[in-house]
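>>> I would like to see how this sequence folds:
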Amino acid sequence: SAGSYQNDTGATGCHDCKQGSYCPEGASAPRPCEAGSYSDKTNLDSAGGCEGCPEGHACTTGSVAPMACRAGTFAAGSRNAECEPCKAGSYQSATGAAGCVACALGSFCPVGASLELPAACEPGTYANATDDGGLPDCFDCPAGSSCGGGAAPPAECSPGSVTATPGLFKCERCSAGSYQNASGAAECLRCKPGSLCPRGASLELP
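Below is the predicted model of the structure:
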């Protein structure tokens, strides 16, 4: 009968269909549930009785239970036969995930990453993970900012200090006779005659 099978001749009864399979009427062997579906029942009579694999899981042919995607992989939607690795520039630290998380600036995430990795840029440069390569590109620090290297983003120079050119790791204080009242500046302003501007001044003193 449907939901059972018999592979011996001259038999008087049928075997219950196996888990991960279905048995149409007259079957001589269990037929496996298709990839992307599963079943833990033993009485299925058609492929329609196999359940669709839930999101965040994969079901190979003949699966008895869904397998959760491991960290660094995902399965969007249902009925997936396999989990996909996270694309470069993204990661996933959890298991059974339906998607991946974008890698933060200053970190990099190669294909299949399960965590954000710190970038290792030289002082005077900073990292930006791209969606294309996943590996960090190190860029020269912009003028008006300092970059300590590693995964640190550019930090604007505070008032009274500047970086005149790109690629510097430290802001320099304005020299005596000059000042700068803004942050993120590339040059100091000359102190007006009759005003006092000590080294590192952020404003003109009377």
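>>> ok, now how distant is the nearest residue to residue 62 once chain neighbours are set aside from residue 52?
Counting by CB to CB, 6 or more residues apart in numbering, residue 32 is the residue found nearest to residue 62 once chain neighbours are left out, at 3.4 Å. Where C-beta positions appear, they are placed from N, C-alpha and C, glycine not excepted. Here residue 32 is placed at a distance of 15 Å from residue 52 (CB to CB, to the nearest Å).
>>> go on, residue 178?
For residue 178 relative to residue 52 (CB to CB), the value is 70 Å.
>>> Comparing the two, which residue is more hemmed in?
Legend: neighbour count by other CB atoms under 10 Å for residue 178 and residue 52, higher for residue 178 (20 against 14).
>>> Now do the more buried one against residue 171, distance only.
Distance from residue 178 to residue 171, by CB to CB: 14 Å.
>>> Equivalent analysis for residue 100, please.
Taking CB to CB, one finds residue 100 at 37 Å from residue 171.
>>> Look at these two and report which has more neighbours.
Using other CB under 10 Å as the criterion, residue 100 and residue 171 rank with residue 100 on top: 23 against 20.
>>> low-scoring stretches of this protein, by residue?
Residue ranges of the chain with pLDDT under 70: 1-12, 106, 128-136, 151.
>>> redo that, cut-off 50
130-131 (pLDDT under 50).
>>> And the helices in the protein?
Counting by DSSP state H, the chain has no helices to list.
>>> what's the nearest residue to residue 95 if we skip its chain neighbours?
residue 68 (4.8 Å).
>>> Look up which residues are beta-bridged to the one you found.
Here residue 68 sits in beta bridges with residue 57, as judged by DSSP bridges.
>>> Could you give the number of residues near it?
17.
>>> hang on, the earlier thing: show me what the residue nearest to residue 62 is bridged to.
residue 21.
>>> Please list all residues in contact with the nearest residue to residue 173 once chain neighbours are set aside.
Spatially, and ignoring its direct neighbours in sequence, residue 173 is nearest to residue 200 (3.7 Å; CB to CB, 6+ apart). Shown in contact with residue 200 (CB atoms under 8 Å, 6 or more residues apart in numbering): 160-161, 173-174.
>>> Next, format those residues as TSV and append neighbour count.
Putting those into TSV (neighbours: other CB atoms under 10 Å) gives the following:
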residue	neighbour count
160	23
161	20
173	18
174	26
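>>> and which of those is nearest to residue 57?
residue 161 (54.4 Å; CB to CB).
>>> Tell me who's in contact with the closest one.
171-174, 180, 200.
>>> Residue 158 too?
Applying CB under 8 Å, 6+ apart to residue 158 gives the contacts 171, 183, 202.
>>> Neighbours of the last one, how many?
The one in question is residue 202. When neighbours are defined as other CB under 10 Å, residue 202 has 16 of them.
>>> do the same with residue 20
When neighbours are counted by other CB under 10 Å, residue 20 registers 23.
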